[in-house]
Structures are given as C-alpha cells and as structure tokens.
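In: 3D, please:
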Amino acid sequence: MDTDRPDPLPPTEARNPATQGIDALGTLEVLRLLHAEDQVAVDAVTEVLPELAPVVELAAERFRRGGNVHYFGAGTSGRLGVLDASELLPTFNLEPGRVVGHVAGGTEALVRAVENAEDSVEDGRRAAAGLGPDDVAIGLAASGSTPYVGGALEAARAAGAATVLVSSNPRAPLARFAETSIALRTGPEAVTGSTRLKAGTAQKLVLNAFSTALMIAVGRTWQNLMVSVVATNAKLRERTVRILCEATGLDREAASELLGRTRGDLKAAIVVALGGVSVERSQELLGRHAGTVRAALDAARTDEGQRP
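Out: Model (predicted):
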C-alpha cells in the first residue's frame, strides 16, 4: 500500500482566510468566529445524509445476521470512534463487541498522542484482522490519507467486510479502499490543521447519526423512547419508571409495580401494558422478534384479534 501523503494538501491543512486575524480579536469575537465555522460542519453533514442512509441500512442488515461494526481512526478521529462505540453499550443495552472503536496507538492514545501510531499501515491491518463478511468497517480520517486507517480498510475489504471512509477531503486517497466514501466539505480549519475543530465536529455528528439510526433500525428504541437502557444506578432506575409512564400512561406506582414483575425489563413491561399479555407472553414475543417492541406489540395485537 502506498503511504505517501497527498499533494496538494487536503482541505483540512489549508489556511482559512476568514480567521487569519483571529489572534487580534476580543474573546467574544473569537467565539463568534469559531461558532460560525462550526455551522459549516453542520451544513456539511446535511449534504451527506443521502449517502449516509444506505450505510445505515447496510449495517442494519448485517447487524441482524450477527455482523458487527468497527470504527478505525487516529487522533481525534479514533477517539471519536471509541467514544461513540462505548456510549452505545449503556444507552441501548448493546452487547460488547457489536460496535467497536479502534484507535491507532491503543488505549494510551485516548488520553495522549502516541508518536507515529497513525503512520503504521501494519497496525491498521492487525486491528482489522478479525473482521469477516458480515461486518462493516468505517474508517475515520479527516485528511482522507491516514495510513493506519488505510491498512484497516484494506484488510477489512480483503476479508469481505463492507468498507466506508468518512473524511473531510473530496479527493481522499484512501477512498480507493472503501466501497463508500463520504466526504464532508468542512474546508480549512479556524486554526490551520486543527481537525479537532470542524472536521472533528462533523465526524461526531455523522457518528451520532449513524449509530443512533442503526440502533433504531434494529429495534433498540420504541417511538423515541430509550427502552433498552440498562438501569445500573438510582438515576437510571428512576428513568425506567419515567419512560414506562410516558410509554403507557401508567402512574408511577403502577409502573414501579409492573417493572418489579418484569424484573426491570422495560421492554417487557411496555408489551404487557400495551399488548394486554402476561409477563411470560411478552418475553416470548420479544424473543421471537429480536427484542423489538413494535414488532412484539403488533404480534400481540394480531394474536388477540384472532382469538374467538
């Protein structure tokens, strides 16, 4: 694999004419200028949503048949991938290993820069070594040229995994290793080359949108409620009661009693309350429909309608 840096420089390394005098401004003016540049990131994400939607659909299809999603990145990009993956576990009761973030340099790189880690193609290949045909590999590289990401995408593609590149470079050299290349037109950074700014913000928005849409597609929500949340502390136990009240119209006392009968299983409690079935039947329906509340409720209502 060719690891030479692209020439000319990617947009993220260009100098932004709108911010050349930023060091001479007052604090409020600096903040306004940075905020205006952040809006560019939001607009850049809006433009790529039609390209992102098929990636979500493909990932959901593979996810349902047991495949996993892997993010690969270095520096800010890698940290954002790890952040997104780690937050899905408590939010959606996602099993470990289903969405995984890989950062060049390993866990040490989460808190400090690891010199030359992003330049290792072999490290990227090793990080993607366990991927298979049902998996999805998403490379995160603001410049579109990070060798670690290239090695990971190259290995993932060779293993039959679906490959996606998210960059801020419409001419990303690594696009040749990805079946789908999503280029965010964020342009030059407010501080030249500091991709923790617009490019990183745009990547964070893409990851939020991708992973949340994926969780919705595979039934980890009901309506807009976080019904897969794991109640591991007092705050979250209170949240499950509140969600059940919102979902069903039950008062707090009835919701708490029902959650006690389902042993804290919020999805089962919703199916019991809205589907008019027993706890055992609710769990059976959820098991049959991959834990999707909407499908379990539809089945419960169909069964009820077929009774003599």
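In: residues touching stretch 33-47, excluding its own?
Out: Outside stretch 33-47, the residues that touch it by C-beta atoms under 8 Å, 6 or more residues apart in numbering are 16, 18-19, 22, 25, 168, 184-187, 189-190, 197-199, 201-202, 205-206, 209. The way it works is simple: take the backbone N, C-alpha and C, and place the C-beta from them, glycine included.
In: the same query, at a cut-off of 6 Å, please.
Out: Stretch 33-47 is contacted from outside by 19, 184-186, 190, 198, 201-202, 205-206, using C-beta atoms under 6 Å, 6 or more residues apart in numbering.
In: return the member of these nearest to Ala296.
Out: Ala296 lies nearest to Val206 out of the contacts of stretch 33-47, by C-beta to C-beta, at 31.0 Å.
In: confirm that the closest one sits in a helix.
Out: Yes. Assigned with DSSP: H, G, I helix; E, B strand; the rest coil, Val206 falls within a helix.
In: circling back: the contacts of stretch 33-47: which two are farthest apart?
Out: Thr19 and Val206 (23.4 Å).
In: settle it for me: which of those two has more neighbours?
Out: A direct count of neighbours by other C-beta atoms under 10 Å for Thr19 and Val206 places Val206 higher, at 24 against 19.
In: contacts only, for the more buried one.
Out: Neighbours of Val206 in contact, by C-beta under 6 Å, 6+ apart: 45, 166.
In: thought Ala255 was touching Ile243?
Out: No. Ala255 sits out of contact with Ile243 when judged by C-beta atoms under 6 Å, with a separation of 8.8 Å.
In: please enumerate the helices of this protein.
Out: 27-64, 75-92, 121-127, 147-158, 198-217, 234-248, 252-261, 266-275, 279-288, 293-306 (DSSP state H).
In: looking at those, which is nearest to Val111?
Out: Distance to Val111, taken as C-beta to C-beta, is lowest for helix 75-92 among those, at 9.0 Å.
In: and the angle for that closest one with helix 198-217?
Out: Here helix 75-92 runs at an angle of 20 degrees relative to helix 198-217 (axes from the mean of the first three to the mean of the last three C-alpha atoms, to 10 degrees).
In: what's in contact with helix 75-92?
Out: Helix 75-92 has contacts (C-beta under 6 Å, 6+ apart) with 71, 73, 94, 99-101, 103-104, 110, 140-141, 195-196, 200, 203-204, 207, 211, 215, 220, 228, 230.
In: now do that helix: distance to the chain's middle.
Out: Offset of helix 75-92 from its chain centre (C-alpha atoms, centre = their mean, to the nearest Å): 7 Å.
In: thank you, goodbye.
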